[in-house]
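Asker: no sequence on this one, just coordinates:
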């Protein structure tokens, strides 16, 4: 096995171990044993467990970001773009289940959780200009586009986390139903949604039930 091949093998082995057991539970010895090498080989390639983990996380974020950006940068109809973004997230989970488990759940000091949020923030930023004309076409508040973009990105992340475990129904069915809810929810929103009323203002005054004797 060449040095480059060995490096790829160690990355694959470590990614699966980190995803299955978490960062803290996995040691260099575990990785070396699973790969059929000695610990110095792992250290020689990555320097430390932290170094190996960062390489894996960087690779997974690059793969996910590339998939999502490829759909967000097109000039498709917003409905098609939305459906493609949902499908892209599910495709990533389907093709790289250990990678998704690693970046969305298993992380030391929550570092990769934070970076996962940053990827979703990027998605929300890209979706905002797509939503603005939709809101305008339905006489809705265009300034609210960032709010709905964040909601869509959050829904996408939660859906992906759920589906990564369930894997049923199929990716196509999940993408279709998610798009149906998100798209038609946007199209049928109220132009002037009522603000929440403070509970204190809505509470009926208590009646005096005491009796004087």
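Answerer: Perfect, thanks for sending it. Here the structure is a predicted model, which is why all the values come from computation and not from measurement.
Asker: quick one: least confident helix or strand in this structure?
Answerer: Counting by mean pLDDT, DSSP states H and E, the weakest-scoring helix or strand in the chain turns out to be helix 199-202, with a mean of 54.
Asker: quick check: closest non-adjacent residue to residue 123.
Answerer: Spatial nearest neighbour of residue 123, chain neighbours left out: residue 153 (4.8 Å); criterion: C-beta to C-beta, 6 or more residues apart in numbering. The C-beta positions use only the backbone N, C-alpha and C, and glycine is treated the same way.
Asker: what's the neighbour count on that neighbour?
Answerer: 23 (other C-beta atoms under 10 Å).
Asker: quick one, helices of the protein?
Answerer: Using DSSP state H, the helices of the chain run over residues 3-21, 28-35, 39-46, 49-72, 78-95, 97-104, 111-137, 145-166, 171-187, 199-202.
Asker: so which of those helices comes closest to residue 193?
Answerer: helix 145-166 (10.7 Å; C-beta to C-beta).
Asker: neighbouring contacts of the closest one?
Answerer: Residues outside helix 145-166 that contact it (C-beta atoms under 8 Å, 6 or more residues apart in numbering): 82, 85-86, 89-90, 93, 97, 100-101, 104-105, 116, 120-121, 123-125, 127-129, 131-132, 135, 171, 174, 178, 182, 186.
Asker: in that helix, which residues are buried?
Answerer: For helix 145-166, burial by neighbour count (16 or more other C-beta atoms under 10 Å) applies to 145, 148, 149, 150, 152, 153, 156, 157, 159, 160, 163, 164.
Asker: mind pulling up the pLDDT for residue 115?
Answerer: pLDDT for residue 115: 66.
Asker: go on, the one 4 residues further on?
Answerer: The predicted local confidence for residue 119 comes out at a pLDDT of 72.
Asker: next one: residue 54
Answerer: Residue 54 is assigned 89 on the pLDDT scale.
Asker: so what's it up against?
Answerer: By C-beta under 8 Å, 6+ apart, residue 54 has no neighbours at all.
Asker: pull out the buried residues from the contacts of helix 145-166.
Answerer: For the contacts of helix 145-166, buried by 16+ other C-beta under 10 Å: 82, 85-86, 89-90, 93, 100-101, 104, 116, 120, 123-124, 127-128, 131-132, 135, 171, 174, 178, 182, 186.
Asker: what residue is smack in the middle of the protein?
Answerer: Central residue of the chain (C-alpha atoms, centre = their mean): residue 157, 3.3 Å from the mean position.
Asker: look up how far residue 57 lies from that residue.
Answerer: Counting by C-beta to C-beta, to the nearest Å, the gap from residue 157 to residue 57 is 16 Å.
Asker: of all the buried residues of helix 145-166, which two lie farthest apart?
Answerer: Greatest spacing in those, by C-beta to C-beta: 145 and 164 (28.6 Å).
Asker: picking up where we left off before, okay if I get the helices of the chain as a markdown table plus distance to residue 193?
Answerer: A markdown table is the format used below for the helices of the chain (distance: least, C-beta to C-beta, whole Å):
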| stretch | distance to residue 193 |
| --- | --- |
| helix 3-21 | 40 |
| helix 28-35 | 52 |
| helix 39-46 | 51 |
| helix 49-72 | 27 |
| helix 78-95 | 21 |
| helix 97-104 | 31 |
| helix 111-137 | 12 |
| helix 145-166 | 11 |
| helix 171-187 | 12 |
| helix 199-202 | 17 |
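Asker: having no further points to raise, I will conclude here.
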